[in-house]
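S.K.: here are the coordinates; sequence isn't available:
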């Protein structure tokens, strides 16, 4: 099978979580974080930064247990805000609600806050530095993990009235625990068509992307190889928006030729799973001028 690369404008669409209590999660993502609830029906809700584009989908599963820490599956979903000032504003908002954080990092290409939602689903909230400031050696984006000066960040917070998270917010990337990096690379790079943006395999991680981004998908083996048990909360799926019909069709054809099972096929939408059962919905989404 020949090589293939996803179009440069390929990006993450929404993330879909299984949660234990829908109202509690809506309070967290909506009231505290500032996403708008655009639809709520039964045990399902859709939230959006701009009031129209789905970014966070929530489905309640009463009685299910949180995902065990040492299993494959979600590491974190990364919510990308459009500026450092907006990162400071959201940070200040969550601090005011006494939301606990798990870490704060400067990755050279970005600045990031780490936390969990009420069900233990990992989240990152981050802002990108301009691409002109990224350091690239060969075809590898140079990223680091340094301490973030949170006090300097908070000093930049806008004190004006809170009116929700910035409409330019989106899902920048998804980071998964996998059982084997080579197996994950064979699926996400060789079949799906991402490029390796940063090879940290010596540290148990791989970062892949389209269009030279630092990563649309992170993959690591830090949680071991035990699969996530059935009927546990966590990431249900995420969407990968492919902006060209020909590219979308080529990905679908390559997956079928490789014997990858296709689930829930609709018009220009298919759901497939990697070797660890992580589900991605491949969606053809034309880029509008």
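M.R.: Ah, there it is. Just so it is clear, the structure is predicted and the values come from calculations on it, not from any experiment.
S.K.: so what's the residue count around the spatially closest residue to residue 62 that is not a sequence neighbour?
M.R.: In this structure, residue 62 finds its nearest non-sequential neighbour in residue 20, 7.0 Å apart by Cβ to Cβ, 6 or more residues apart in numbering. The way it works is simple: take the backbone N, C-alpha and C, and place the C-beta from them, glycine included. When neighbours are counted by other Cβ atoms under 10 Å, residue 20 registers 17.
S.K.: ok, now which ones touch residue 20?
M.R.: If you count contacts by Cβ atoms under 8 Å, 6 or more residues apart in numbering, residue 20 has them with 60, 61, 62, 64, 66, 118, 119, 233.
S.K.: residue 204 too?
M.R.: The contact partners of residue 204, by Cβ under 8 Å, 6+ apart, come to 181, 220, 221, 222.
S.K.: what's the local residue count around residue 259?
M.R.: By other Cβ under 10 Å, 6 other residues sit near residue 259.
S.K.: with residue 272 instead?
M.R.: Using other Cβ under 10 Å, residue 272 is surrounded by 25 other residues.
S.K.: are we agreed that it is in a helix?
M.R.: No - assessed with DSSP: H, G, I helix; E, B strand; the rest coil, residue 272 is strand; it does not lie in a helix.
S.K.: doesn't residue 282 make contact with it?
M.R.: Yes - the pair formed by residue 272 and residue 282 meets the contact definition of Cβ atoms under 8 Å, at 6.8 Å.
S.K.: so can I have JSON lines of the contacts of residue 20 showing neighbour count and distance to residue 91?
M.R.: As requested, the contacts of residue 20 are arranged in JSON lines below (neighbours: other Cβ atoms under 10 Å; distance: Cβ to Cβ, whole Å):
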{"residue": "60", "neighbour count": "20", "distance to residue 91": "28"}
{"residue": "61", "neighbour count": "19", "distance to residue 91": "30"}
{"residue": "62", "neighbour count": "9", "distance to residue 91": "32"}
{"residue": "64", "neighbour count": "17", "distance to residue 91": "30"}
{"residue": "66", "neighbour count": "16", "distance to residue 91": "25"}
{"residue": "118", "neighbour count": "17", "distance to residue 91": "18"}
{"residue": "119", "neighbour count": "22", "distance to residue 91": "21"}
{"residue": "233", "neighbour count": "23", "distance to residue 91": "25"}
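S.K.: in helices, which of these fall?
M.R.: Residues of these located in helices (DSSP state H): none.
S.K.: and the pLDDT for the residue nearest to residue 194 when sequence neighbours are not counted?
M.R.: Counting by Cβ to Cβ, 6+ apart, residue 208 is the residue found nearest to residue 194 once chain neighbours are left out, at 3.8 Å. As predicted, residue 208 sits at a pLDDT of 98.
S.K.: likewise for residue 158?
M.R.: pLDDT, the model's per-residue confidence, is 84 for residue 158.
S.K.: where does it sit: helix, strand or coil?
M.R.: coil.
S.K.: same question for residue 254.
M.R.: Secondary structure state of residue 254, per three-state DSSP, is helix.
S.K.: run a quick neighbour tally on it.
M.R.: When neighbours are counted by other Cβ under 10 Å, residue 254 registers 17.
S.K.: distance check, it against residue 6.
M.R.: Distance from residue 254 to residue 6, counting by Cβ to Cβ, to the nearest Å: 11 Å.
S.K.: now do the shared contacts for the two.
M.R.: residue 193.
S.K.: so residue 77 is in which element?
M.R.: Per DSSP states H and E, residue 77 falls inside strand 73-80.
S.K.: tell me the first helix or strand C-terminal of that strand.
M.R.: Along the chain past strand 73-80, the next helix or strand (assigned with DSSP H and E) turns out to be helix 84-96.
S.K.: could you give the bridge partners of the most centrally placed residue in the chain?
M.R.: The structure's the chain has its C-alpha centroid closest to residue 174; by Cα atoms, centre = their mean the separation is 2.6 Å. Applying DSSP bridges to residue 174 yields these beta-bridge partners: residue 77, residue 217.
S.K.: helices along the stretch 1-150 of the chain, start to end?
M.R.: When secondary structure is read from DSSP state H, counting those that start in this stretch, the stretch 1-150 of the chain shows helices at 22-26, 84-96, 150-154.
S.K.: so for residue 74, which of those helices sits nearest?
M.R.: Shortest separation from residue 74 across the helices of the stretch 1-150 of the chain is recorded for helix 22-26, at 14.6 Å, computed as Cβ to Cβ.
S.K.: please enumerate the strands of the stretch 51-200 of the chain.
M.R.: Secondary structure of the stretch 51-200 of the chain (DSSP state E, counting those that start in this stretch): strands located at 56-60, 73-80, 101-106, 110-116, 122-128, 136-137, 140-141, 146-147, 170-177, 195-200.
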